[in-house]
Each structure stands twice: as C-alpha cells, then as structure tokens.
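Undergrad: Return atomic coordinates for the entry below.
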Amino acid sequence: MGEDDAALFREAIGDTTPLADQNRIPSPGPTVHARVRRPVPEVRVADTLSDHGDAPEEFRRNGVSRIALRKLKNSAIRDSLDLHGNTVECARLQLLHFLNVAAQRGVLCVRIIHGKGINSRGNEAVLRTHTRNWLIQHPQVLAFCPATSSQGGSGAVLVLLKTGI
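TA: Modelled structure (predicted):
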C-alpha cells in the first residue's frame, strides 16, 4: 500500500479509537496442513463384463443369506458412484474402476446411482439394466438390492462387496 493510499484510508475512516486489549481476538496460531495420503495405486482393470443378460431387481450369490440382503438396506453407505449422463461404455468402465478401488480399500457397502431413465429416449432406464447386469458378473459383488427411497429408490442400487482383492 502506497503512502497516498494510506493517507486516503486514514481520511476515509476519520477519528477512530483502537480496541482495548481485552476486546481483541487473538490471531490464530500456525495453520495445520492436512496430511497428504498416498493415492491408491492405479490398477488396470480388465473389462470382462458383458452388456447382455437378464437384470433382476435384487441379487445374492450362493451363501449370502436373505438376512444379509435385508441388513444391506439399512447399512451405512461408505462410498457412492453416480453414473447419470454417461454412455453405456463410459459407465461400465467407471463401475469397474469404482468397484475395484472400493474392494481394495476394504469398503463393504456402496451405492451405485444409475438413474430412473426419466430423461432417456422412451423413458427407458438403460443404465439401470446394464448396471445390474454388470454387478452380477463382477467377482467382488456378493449381493445387491434396490436403494431405499431416501437413498435414491429405484434410481440406485446398494451393493455388498467382498473386502480385499
């Protein structure tokens, strides 16, 4: 700030009285810098998922009980993926990567938002059908069910994953 600016400032504020020491807010101490976490190593994921097949509303692998599926609906979502607006090809690749990273991090329950198809041609939920079909084929997926209305309803699916790869 130049001397002219300082004089102009003093003229603009007029006569002032400095605050008493007890009314001053002490300056904050040194800022704490966030620790940088090591990024999850980039893993090339083989795209082995087919776009063809039947897609049920819910799915569970052999050995996964109905009770586990019920608990999935009430479990805490640890991570979420939104596929809205993606092409089928892009959505498949994003889903593959997301599921593999989540499994590596030991995440047990995730939500995949595929949308309801309201803005699609013919109101057909293309990503909904494909997403559920891909989930059945993915080796890390133990079960899935439709999300509750507060978690996205028929526009999302809750997925139970195996932990660790």
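
Undergrad: So C145 belongs to a strand, correct?
TA: Yes - per DSSP: H, G, I helix; E, B strand; the rest coil, C145 lies within a strand segment.

Undergrad: Show the contacting residues for the residue nearest to it when sequence neighbours are not counted.
TA: What sits nearest to C145 in space, not counting adjacent residues and going by C-beta to C-beta, 6 or more residues apart in numbering, is E58, at 4.2 Å. (Each C-beta comes from the backbone N, C-alpha and C, glycine too.) Counting by C-beta atoms under 8 Å, 6 or more residues apart in numbering, E58 makes contact with 69, 143-146.

Undergrad: from these, which two are the most distant?
TA: Spatially, the most separated pair among the contacts of E58 is A143 and P146, at 11.9 Å (C-beta to C-beta).

Undergrad: Counting neighbours, go ahead and name the busier of those two.
TA: The neighbour count for A143 versus P146, taken as other C-beta atoms under 10 Å, is higher for A143 (21 against 18).

Undergrad: Hmm, the more buried one is touching S65, no?
TA: No - contact criterion C-beta atoms under 8 Å: A143 and S65 do not qualify, at 9.3 Å.
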